[in-house]
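Asker: Structural data only, the sequence is not supplied:
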């Protein structure tokens, strides 16, 4: 006969409004481990609660995934990953669990990019950017807005015509 695990005392315990307020107030200032310890819950349960509430944890903390950044600037996610690996785009590498059942979850690498760090890097690497596809309602620094305008203007110029006539 196997060992019977005793369920934690907060098993199936609902979050109070005070618990939720505490989580939201300390998100970004304290780790999930610290918040969980204060509330008597496991760190992964704090993440699950936030996800169930529809809160994008990365966005709240000021980070975007490579795919989120790619969507904003109008490129493929592989382009952003290539910039991280070969062009020095600053990013934090995190490993996240994917899947609903703990037994079948897979751990996959993910990049988190601070949007301010991205714009700093982008200003030095303007030659790599094509901001024509970027939604103008998204935040971008003045220099990026000017670059986008210039790229849009250039793309609308008629093609140069060369006169190849011989003799005259």
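Answerer: Now that the structure is in, tell me what you want to look at. Worth saying up front: this structure is predicted, and the values here are computed from it rather than measured.
Asker: Can you list the buried residues in stretch 45-62?
Answerer: 45, 46, 47, 49, 50, 58 (16 or more other Cβ atoms under 10 Å). (Each C-beta comes from the backbone N, C-alpha and C, glycine too.)
Asker: who's in contact with that stretch?
Answerer: Stretch 45-62 is touched from outside by 15, 20, 23, 27-28, 32, 35-36, 39, 64-65, 68, 112, 114-116, with contacts defined as Cβ atoms under 8 Å, 6 or more residues apart in numbering.
Asker: which residues in the chain form strands?
Answerer: 63-65, 92-98, 106-114 (DSSP state E).
Asker: ranking those by burial, who's on top?
Answerer: Among the strands of the chain, the stretch with the highest mean neighbour count (mean count of other Cβ atoms under 10 Å) is strand 63-65, at a mean of 21.
Asker: which residues of the protein fall in helices?
Answerer: For the chain, the helices defined by DSSP state H occupy 17-26, 32-39, 43-52, 57-60, 66-73, 77-86, 115-124, 142-155.
Asker: which stretch in those helices is the model least sure about?
Answerer: Of all those, mean pLDDT reaches its minimum on helix 57-60 (a mean of 71).
Asker: I'd like the distance from it to the chain centre, please.
Answerer: Relative to its chain's centre, helix 57-60 lies at 8 Å (Cα atoms, centre = their mean, to the nearest Å).
Asker: just stretch 79-99 next, same as before
Answerer: Computed by Cα atoms, centre = their mean, the chain-centroid distance of stretch 79-99 equals 10 Å.
Asker: With stretch 78-86 instead?
Answerer: Relative to its chain's centre, stretch 78-86 lies at 14 Å (Cα atoms, centre = their mean).
Asker: List the buried residues in that stretch.
Answerer: Neighbour-count burial for stretch 78-86, counted by 16+ other Cβ under 10 Å, picks out 79, 80, 81, 83, 84.
Asker: same question, stretch 120-127
Answerer: So stretch 120-127, judged by 16+ other Cβ under 10 Å, has buried residues 121, 122.
Asker: now swap in stretch 66-78 and tell me
Answerer: Buried positions in stretch 66-78, judged by neighbour count with 16+ other Cβ under 10 Å: 66, 68, 69, 70, 71, 72, 73, 75.
Asker: Cool, thanks, talk later.
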